[in-house]
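Undergrad: got a predicted structure here, sequence first:
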Amino acid sequence: MLSGERKEGGSPRFGKLHLPVGLWINSPRKQLAKLGRRWPSAASVKSSSSDTGSRSSEPLLPPPPHVELRRVGAVKAAGGASGSRAKRISQLFRGSGTGTTGSGSVGGPGTPGGAQRWASEKKLPELAAGVAPDPPLVTRATAPPGVLKIFGAGLASGANYKSVLATARSTARELVAEALERYGLAGSPGSGPGESSCVDAFALCDALGRPAVAGVGNGEWRAEHLRVLGDSERPLLVQELWRARPGWARRFELRGREEARLLEQEAFGAADREGTGAPSWRPQKNRSRAASGGAALASPGPGSGSGSSTGSGGKERSENLSLRRSVSELSLQGRRRRQQERRQQALSMAPGAADAQIGPADPGDFDQLTQCLIQAPSNRPYFLLLQGYQDAQDFVVYVMTREQHVFGRGGNSSSRGGSTVPYVDTFLNAPDILPRHCTVRAGPEPPAMVRPSRGAPVTHNGCLLLREAELHPGDLLGLGEHFLFMYKDPRTGGSRSTRPTWLPTRPGATPPGPGWAFSCRLCGRGLQERGEALAAYLDGREPVLRFRPREEEALLGEIVRAAAAGAGDLPPLGPATLLALCVQHSARELELGHLPRLLGRLARLIKEAVWEKIKEIGDRQPENHPEGVPEVPLTPEAVSVELRPLMLWMANTTELLSFVQEKVLEMEKEADQEGLSSDPQLCNDLELCDEAMALLDEVIMCTFQQSVYYLTKTLYSTLPALLDSNPFTAGAELPGPGAELGAMPPGLRPTLGVFQAALELTSQCELHPDLVSQTFGYLFFFSNASLLNSLMERGQGRPFYQWSRAVQIRTNLDLVLDWLQGAGLGDIATEFFRKLSMAVNLLCVPRTSLLKASWSSLRTDHPTLTPAQLHHLLSHYQLGPGRGPPPAWDPPPAERDAVDTGDIFESFSSHPPLILPLGSSRLRLTGPVTDDALHCELRRLRRLLWDLEQQELPANHRHGPPVATPP
């Protein structure tokens, strides 16, 4: 039956009829009842998605009894029956009800009978010449009419469209006359000869455009593609042939004939000039990602046709291409000439065409050859298919219509968890293609970037691609086991020919001796060349450290061990740089799930190394000394030596944490762009990354605590000299701002020595500036609290609060602040020493002035002191023998409770919290390595990895160490 004869390569646009629309063949009357029940007529089938405003007033009747719908090639000789009849395409547009009797026997396309039967099909000009004269305007179809909307395109004000009655046999000329009558531009159909001239001045156009959207633009519909219908075309049948893709609308418009011709010619001229071709629903010269030969008319959307099948079905479709054209199309002499030129060009490309005698040929063969002339786009990147999965369904060229192009298999709407189906630009139907397989981003500036999805097999120039990589014109991109594409970007210019990276280095060269047997067949390098390339990598200064996952543990352990031992003369941030190279290699080259595992292992190794170092320092500096053994205070030099390893780990871990945060943020951003933010595997990877970063946070916190602990422990023994020493010694001159440490008074040198040691230590370790500020902020906080508590405590036992002692303390404090100002720490010191300065300033007020002050004025002048601390200083102030504080210093009743219950000592637990630095890492992983010590360590690690790789090979497969070049 007909349904069984349908080929897979047929156009999906005609699935409702199950045969190509436009091929009607008369059948014997004895099959009428059976076929009449099975197959609807072309007029009764309506497009469910067409945007043309047409509807049927009542269900159309089945075809007449003598009509049978069949595919060309399905008509077979039945015992030499002479009653088989063929209806030609010219009669379809003329509306003739009878067919032309064929020859005595009807054969297939390859039989003589078939050649006689389809003789007119091979002469396209005769099809146009054989059209009968236009029917009179008063003729009306006898089939039940439908309502067709015809838009006036500005013919009449206040009228958007007019509805006319139309049947499957109504011609475009008839509908033009009726529409003009509805618009009031013509009389009745029988009004006289003036009507014919009015009808000749207008044409019915099949327009394609975008529908008006509220709030966008001026809200008007504008035709973007236009085709003038021939006078004898059947608009209702033309409407059923194809439908507009989503986002487009299709309608019939009434325009002036000259205006419509000009618009049509301009559209074709612009398309030919730009190289983009005409709209996909018109015969195209340039085809990219075009449908197969089985689709006569395709919608503007991509993928409108399936592949062409082989065998008899393919030949049938090649013969039918010439039949699937309208009479108005063939009547245009200019278009027919262009079609003939394309055919001649196709024949001239065949081998031996110049010497062969070209005779009459089948128009379908010409069209197939014309369709094979594919011209790639000139203003967009595209992919050239080198190998596919199903030749009948794969296209040759896939054009990138967006900056981000997604390859995938797509999926149905019933996806797991109710999530939306990922957007895919190019659908590939191989079984190993994931729903979202690979993403290519090609911006205005090269290079393009290609990134495989998780678990997607992708190759780049023959190498397995696990992470994002650059994609250059000419590169080979393999998707799965079947698809192979070549990336092309005409925007980069075709004059400069670059050599593809996958080509052999010396194509066609003579094998250089016996070493060619060990050469790589892909890259064409001999053994000597490979050795030189390997030596260049091992001794090179590029910031690259390549390793395999199996060598990861040994590599990380070696880097951490060398950093903990302090071996070599590495720069302060050398360990962080080497570890960041490992992270970068994992993020770029290895699989997606490898980076979280590497970060977890790295963080654990650093934490273990730091814990061991803290334990060693604790053993040398115990908190509790044995009885009878005096505690030896730490000197600034000793504390600097002890804290250097911890300070180095704090600096390196801080920079490494910032670098890791950048990589994790990139991972999240890429997942959001690909629509995989809710992927369970990605969520698990992010959790592992968070755990690793939490361990690094803990390392920074512990190293900071241990550093400030030993520094404050050293300061604790030196601070009391600021309260007891006299800077006004006999013959001594007070140093000015920016003086050296040796020029300072002896009582201040120990304290300033600790500050100087801490400043030099942070500078040598290249600690982050934010952490340097917080380290000294904590030291100044401790110094302020310790000195203020000592001041409060000394005033209780003996006379200490007097003007002369306060002047000495004020001078010592000013000298310390001036020295810190010269060291670049003045702002931080002023902020944290404010309360101590306020208390000393109160004691420095002359006695006469102090006696005149009241409690409220003193509270206003010294706001940082609490009521309890202010009352303590005033109540113990030495006014003279037998004199107590005046009543004006008594606090009011409202503050009495605060004075009695308040604490006069500062709490050491109210220190400022540690805030980790924000922003990008200071590690520089671009450009050559300029530090010789870091380069030496990088060479050592590369050779270590080379040795580990060689140890896994059999003895007879190992290579000697490559020739080392001097650094």
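TA: Noted; the coordinates are in hand. Residues are numbered from 1 along each chain as shown.
Undergrad: burial measure for the residue nearest to residue 478 when sequence neighbours are not counted, as a count.
TA: Closest residue in space to residue 478, ignoring its immediate chain neighbours: residue 459 at 3.7 Å, by CB to CB, 6 or more residues apart in numbering. C-beta: built from backbone N, CA, C; applies to glycine. The local packing of residue 459 (other CB atoms under 10 Å) involves 16 other residues.
Undergrad: residues touching residue 459, list them.
TA: By CB atoms under 8 Å, 6 or more residues apart in numbering, residue 459 lies in contact with 465, 476-478.
Undergrad: in those, find the pair that's most separated.
TA: Longest distance between any two of these is 10.9 Å, between 465 and 476; criterion CB to CB.
Undergrad: the nearest residue to residue 466 once chain neighbours are set aside sits in which helix or strand?
TA: Nearest residue to residue 466, sequence neighbours excluded (CB to CB, 6+ apart): residue 591, at 4.7 Å. Using DSSP states H and E, residue 591 sits in no helix or strand.
Undergrad: wait, residue 591 touches residue 465, no?
TA: No - in this structure residue 591 lies outside contact range of residue 465 using CB atoms under 8 Å: 10.3 Å.
Undergrad: just to revisit the earlier point, residue 692 versus the residue nearest to residue 466, what's the distance?
TA: When distance is defined by CB to CB, to the nearest Å, residue 591 is 17 Å away from residue 692.
Undergrad: who's more crowded, the two?
TA: It is residue 692, of residue 591 and residue 692, that has more neighbours when counted by other CB under 10 Å, with 24 against 15.
Undergrad: show the contacting residues for residue 700.
TA: 650, 653-654, 657, 914, 916.
Undergrad: okay if I get those as JSON lines plus pLDDT?
TA: Putting these into JSON lines (pLDDT from 0 to 100) gives the following:
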{"residue": "650", "pLDDT": "96"}
{"residue": "653", "pLDDT": "96"}
{"residue": "654", "pLDDT": "96"}
{"residue": "657", "pLDDT": "95"}
{"residue": "914", "pLDDT": "90"}
{"residue": "916", "pLDDT": "90"}
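Undergrad: nearest to residue 181, of the contacts of residue 459?
TA: For the contacts of residue 459, the closest approach to residue 181 (CB to CB) belongs to residue 477, at 60.1 Å.
Undergrad: what does the model give the residue lying closest to residue 805 once chain neighbours are set aside for pLDDT?
TA: Leaving out its chain neighbours, the residue that sits closest to residue 805 by CB to CB, 6+ apart is residue 843, at 7.6 Å. Note for residue 843: predicted pLDDT of 92.
Undergrad: distance-wise, check the residue nearest to residue 466 relative to residue 493.
TA: From residue 591 to residue 493 the distance is 36 Å (CB to CB).
Undergrad: one more: residue 904?
TA: The value you get for residue 904 to residue 493, if CB to CB is used, is 80 Å.
Undergrad: of the two, who's got more company?
TA: Between residue 904 and residue 493, counting by other CB under 10 Å, residue 904 is the more crowded of the two (20 against 9).
Undergrad: isn't the more buried one up against residue 867?
TA: No - counting by CB under 8 Å, residue 904 stays clear of residue 867, with 10.0 Å between them.
Undergrad: what sits closest to residue 738 if chain neighbours are left out?
TA: Closest to residue 738 by CB to CB, 6+ apart is residue 822, at 3.7 Å.
Undergrad: my guess is that neighbour contacts residue 736, does it?
TA: No - using CB under 8 Å, residue 822 makes no contact with residue 736, being 9.5 Å away.
Undergrad: please say which of the two ends up with more neighbours.
TA: Remark: of residue 822 and residue 736, residue 822 carries more neighbours, 14 against 10, as counted by other CB under 10 Å.
Undergrad: helices of the stretch 351-500 of the chain, start to end?
TA: 363-371 (DSSP state H, counting those that start in this stretch).
Undergrad: pLDDT weak spots in it?
TA: Residues of the stretch 351-500 of the chain that meet the criterion pLDDT under 70 lie in 351-373, 411-422, 494-500.
Undergrad: which residues in it form strands?
TA: 382-387, 397-399, 404-408, 426-427, 438-441, 448-452, 458-460, 463-464, 469-471, 476-479, 483-488 (DSSP state E, counting those that start in this stretch).
Undergrad: so which of the ones you listed comes closest to residue 760?
TA: strand 469-471 (44.4 Å).
Undergrad: buried ones in the closest one, by neighbour count?
TA: Within strand 469-471, the residues that count as buried by 16 or more other CB atoms under 10 Å are 469, 471.
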